[in-house]
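Student: What shape does this take:
(one chain, ligands or ions: 2)
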Amino acid sequence: MSSMRAFRFMLNARSIGIRKFAGHTTIFSRRGISTTRPLLNATTSESATRRPYFVGTHSPDARTLGKAVVENNVVKTNEHAVPNIWLRDNCQCKSCVHEDTKQRLLDTFSIPEDISIKASSETKDNIDVEWSDGHKSQYSKALLLSAGSTADKRARIRQGLVDIDLWDAPKAKTVLRLTFSESQEGTPDSLVHSILKNLRRYGFAQIDSVPVSPQATESLLSRISFIRETHYGGFYDFTADLASKDTAYTNIALEAHTDTTYFSDPAGLQAFHLLSHTEGSGGQSLLVDGFNAAEQLLKEDKGAYEVLASVNVQAHASGNEGISIMPYKGFPVLGHDEATGRLLQVRWNSSDRAAIELPLGEVGRWYEAARKFDRILKRKENEYWEQLQPGTVVIFDNWRVLHGRAEFTGKRRICGGYINRDDWISKFKVLEFGQGEVLGSLASG
Ligand SMILES: C[N+](C)(C)CCCC[C@H](N)C(=O)O
Ligand SMILES: O=C(O)CCC(=O)C(=O)O
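Tutor: Numbers count the residues shown, from 1 in each chain. Ligands and ions are numbered 1, 2, ... in the order given. Got it, this is the predicted structure:
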């Protein structure tokens with residue numbers, strides 16, 4: 001008897017139903033609704049299809065192994081037939097894809113449902129086909145092998161997956177610091193690429209010798225991508241004056257957190273440049289590698305990790321007059337790529353947290369798991385403290401690295417900006433992999 005059937009058998013006659021969702025089982029009975037612990041080990045359909053969660057420090061293997069061939073007018077990648085509709089829809093010729101915009105010109109659903117290959121041939125690197133509707137297409141074998149490979153391999157270029165280094169405080173201190181330089185055209189691409197490589201590998205980058213001005217800081221950030229407008233404005237230059245009704249605009253200590261958990265799409269990058277701090281002291285900056293903390297939690301308490309990966313939490317920004325910003329749905333603290341199981345995002349902000357999306361009687365499970373994560377985040381060896389100095393810009397991946405600050409006295413002025421996740425990953429992967437490889441992976445990634 002399967003474990004699910006055994007589970008159903010175990011339930012008494014009064015249960016009027018079971019609903020499984022996201023690994024949880026909710027029992028509807030005359031006594032009301034209760035949600036059991038996630039079915040971590042049961043072979044239920046959801047958990048069987050959900051990929052195991054992992055943090056992922058190694059990028060997927062770039063080699064596209066195996067072979068792509070055409071036999072009897074059937075294109076195959078590693079012995080699997082490639083559906084004709086997909087092949088025809090992904091013809092890359094100039095009449096099917098706009099040469100400049102790279103957008104599909106072909107009307108996908110004008111393709112006959114019974115489209116077939118009338119003639120075909122292959123060379124070392126390509127497969128050529130003539131379709132039953134007379135159209136001719138060519139496909140690189142690399143594209144076909146990539147399209148037939150694992151979800152993680154297909155995500156490599158799309159998500160800019162490169163090897164990453166998890167770090168604690170001692171390790172963070174060894175990360176190569178970068179030095180600002182500027183040519184006529186502004187910050188050279190080589191420096192931008194170095195900044196983005198550090199951001200992708202470590203989740204943060206420190207750039208020294210930046211001119212101590214909002215203008216130079218904004219110019220540097222804009223070389224990565226455009227700065228995101230929010231209810232705080234765009235490029236920010238702030239101090240402890242509650243100009244915006246958020247504790248960042250005060251002098252109190254802020255524990256390690258990620259920003260903008262109240263946005264459906266939290267800011268991708270955040271940057272700080274301390275412009276001045278006079279008539280007082282304190283305000284040290286804190287960075288914590290959320291992916292390193294997640295890895296530690298996964299090793300120490302898999303159940304707690306699963307809870308933080310599966311229970312959605314709401315957040316809000318409600319300080320400013322007439323504003324109460326919340327995401328369109330709740331999101332888990334540990335966000336994963338459903339296709340691969342890879343950790344993609346840490347959303348952690350106790351100040352801005354709103355509802356926990358569990359039946360009220362069940363929320364203890366979330367607090368228990370969150371407390372364990374909080375303890376890991378607050379381990380001294382995980383806390384990288386640095387007193388920012390004018391001239392140093394720190395940029396960090398707000399989807400991975402948490403930040404905070406010590407309380408301070410006196411007048412402290414910081415400028416910086418947010419950059420969207422999709423925009424900085426776009427810039428990174430084009431610089432890292434090259435435009436050709438990025439565009440070449442669109443159909444298969
Ligand atoms: C815009 N600036 C960075 C100055 C302040 C942003 C406040 C962010 C807020 N505390 C949060 O955790 O999302
Ligand atoms: O003032 C600082 O150093 C950090 C403020 C902060 O955490 C934020 O703006 O999100």
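Student: okay, CA-based contacts and neighbour counts for the rest of this
Tutor: Noted.
Student: so what are the domain limits for this structure?
Tutor: In terms of domains, the chain is parsed into 3-38, 68-149, 169-433 (source: automatic domain parsing).
Student: For these, state which one has the densest average packing.
Tutor: Counting by mean count of other C-alpha atoms under 10 Å, domain 169-433 has the highest mean neighbour count of those, with a mean of 19.
Student: Next up, the contacts around the residue nearest to Phe54 when sequence neighbours are not counted.
Tutor: Nearest-residue entry for Phe54: Arg342, 5.1 Å, with adjacent residues in sequence omitted and distances by C-alpha to C-alpha, 6 or more residues apart in numbering. Arg342 sits next to 53-56, 336 when contact means C-alpha atoms under 8 Å, 6 or more residues apart in numbering.
Student: By proximity to ligand 1, which residue of the stretch 1-150 of the chain wins?
Tutor: As assessed by C-alpha to the nearest ligand atom, ligand 1 sits closest to Val55 within the stretch 1-150 of the chain, at 23.3 Å.
Student: Enumerate every residue touching that residue.
Tutor: Contacts for Val55 were tallied using C-alpha under 8 Å, 6+ apart; they are 291, 294-295, 342-344.
Student: quick one: contacts of stretch 193-206?
Tutor: By C-alpha under 8 Å, 6+ apart, stretch 193-206 touches 162-167, 175, 177-178, 207, 289, 392-397, 400-401, 424, 428, 431-432.
Student: Can you list the strands that the longest strand anywhere in the chain pairs with?
Tutor: Longest strand of the chain, by residue count under DSSP state E: strand 269-278. Sheet partners assigned to strand 269-278 using DSSP bridges are listed as strand 393-397 (antiparallel), strand 411-416 (antiparallel), strand 418-419 (antiparallel).
Student: what about the helices in the stretch 301-445 of the chain?
Tutor: 302-310, 363-377, 421-433, 435-440 (DSSP state H, counting those that start in this stretch).
Student: The stretch 151-300 of the chain too?
Tutor: For the stretch 151-300 of the chain, the helices defined by DSSP H, counting those that start in this stretch occupy 151-158, 169-172, 189-202, 214-222, 290-300.
Student: With mean pLDDT and distance to ligand 2 added, can I get the ones you listed in JSON lines?
Tutor: Shown next, in JSON lines, are those (pLDDT from 0 to 100; distance: least, C-alpha to the nearest ligand atom, whole Å):
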{"stretch": "helix 151-158", "mean pLDDT": "95", "distance to ligand 2": "28"}
{"stretch": "helix 169-172", "mean pLDDT": "98", "distance to ligand 2": "18"}
{"stretch": "helix 189-202", "mean pLDDT": "97", "distance to ligand 2": "18"}
{"stretch": "helix 214-222", "mean pLDDT": "97", "distance to ligand 2": "15"}
{"stretch": "helix 290-300", "mean pLDDT": "98", "distance to ligand 2": "15"}
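Student: Output these in JSON lines; the columns should cover distance to Leu144.
Tutor: Converted to JSON lines, the helices of the stretch 151-300 of the chain look like this (distance: least, C-alpha to C-alpha, whole Å):
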{"stretch": "helix 151-158", "distance to Leu144": "11"}
{"stretch": "helix 169-172", "distance to Leu144": "40"}
{"stretch": "helix 189-202", "distance to Leu144": "28"}
{"stretch": "helix 214-222", "distance to Leu144": "37"}
{"stretch": "helix 290-300", "distance to Leu144": "33"}
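Student: ok, for Val394, nearest residue in space, not its chain neighbours?
Tutor: In this structure, Val394 finds its nearest non-sequential neighbour in Gln206, 4.5 Å apart by C-alpha to C-alpha, 6+ apart.
Student: Then Val430?
Tutor: Val438 (6.5 Å).
Student: if I look at that neighbour, how far off is Lys118?
Tutor: As judged by C-alpha to C-alpha, to the nearest Å, Val438 and Lys118 stand 31 Å apart.
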